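1. Turn this into a model:
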Amino acid sequence: MTDIDVTVIGGGAAGLMAAVSAARCGARTRVIEHMDRIGKKILSTGNGKCNYTNAVQGLSCYRGENPAFVLPVFEQFGQEDTKVIIDPIMGDHGETYATYTPAMCYYYPASEQAVSVVEVFGMECDYLGVDLWTSCGLQSIQKTCTGYEIRTTKGAFSTKTVIFAPGLLAAPKTGSDGSAFP
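-> Numbering: from 1, shown residues only. Got it, this is the predicted structure:
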């Protein structure tokens, strides 16, 4: 028997969005986060205010050799899609969004504190029955005939699906350190 339907590796913004979305669809969901709490990198976004989406999105907002890499993503899931998911979560837990219109038109929580976003995602996970395993090191993921066997520092379990969202190497102090890749 499979213990869990969906296991999300990483308790940051992408992992939490994935976990909430899976649980809303009725999946028994678990998040594996190696840091001591979820959403650590979220706390530093938007200078501690967490701009969770931008009203203005386009190539001019991205740097690097190939800023067009974002276009296929935004064609599938844009700013309005983000708001459709996040605004009700925020509202259901007593927080609302505010819009700032300087330069980039950032959307922030009304509290102007990133911790509000992390707390709201934690409350939503709790409400939906998402199992949050923090301070949990990932040891291995093995394919089986029915899904995957996950081994962690907190034990082993089986899962039907794995969503790999550990962050890259953007902020090692907040957990985005590449430790999940091996």
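
2. what's in contact with stretch 150-169?
-> 1-10, 12, 14-15, 18-19, 22, 27, 30, 32, 41, 133, 136-142, 144, 146-149, 175-181 (CB atoms under 8 Å, 6 or more residues apart in numbering). In this view, the C-beta of every residue, glycine as well, is placed from N, C-alpha and C.

3. So for it, first residue to last residue, what's the gap.
-> End-to-end distance of stretch 150-169 (CA to CA, to the nearest Å): 23 Å.

4. Any idea how far that stretch is from the middle of the chain?
-> 14 Å (CA atoms, centre = their mean, to the nearest Å).

5. in that stretch, what counts as buried?
-> Of the residues in stretch 150-169, 150, 152, 157-160, 162-163, 165-167 count as buried by neighbour count, 16 or more other CB atoms under 10 Å.

6. same check, this time on stretch 80-92
-> Within stretch 80-92, the residues that count as buried by 16+ other CB under 10 Å are 82-83, 85-87, 89-90.

7. what do you get for stretch 5-15?
-> So, applying 16+ other CB under 10 Å, buried residues of stretch 5-15: 5-13, 15.

8. Doesn't residue 107 lie inside a strand?
-> Yes: the assignment for residue 107, made by DSSP: H, G, I helix; E, B strand; the rest coil, places it in a strand.

9. Quick check: the gap between it and residue 178.
-> 29 Å (CB to CB, to the nearest Å).

10. Looking at the two, which one has more neighbours?
-> Between residue 107 and residue 178, counted using other CB atoms under 10 Å, the more crowded position is residue 107 (20 against 12).

11. What separation do you get for the more buried one and residue 52?
-> From residue 107 to residue 52 the distance is 6 Å (CB to CB).

12. Around residue 105, count how many other residues there are.
-> 15.

13. Check the one 10 residues further on too.
-> The number of residues packed near residue 115 is 15, by other CB under 10 Å.

14. Could you dump the buried residues of stretch 5-15 into TSV and include distance to residue 118, pLDDT and secondary structure?
-> Compiled in TSV, the buried residues of stretch 5-15 are given as follows (distance: CB to CB, whole Å; pLDDT from 0 to 100; DSSP: H, G, I helix; E, B strand; the rest coil):
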residue	distance to residue 118	pLDDT	secondary structure
5	24	98	strand
6	21	98	strand
7	21	98	strand
8	16	98	strand
9	18	97	strand
10	14	96	coil
11	10	97	coil
12	10	94	coil
13	9	92	helix
15	12	96	helix
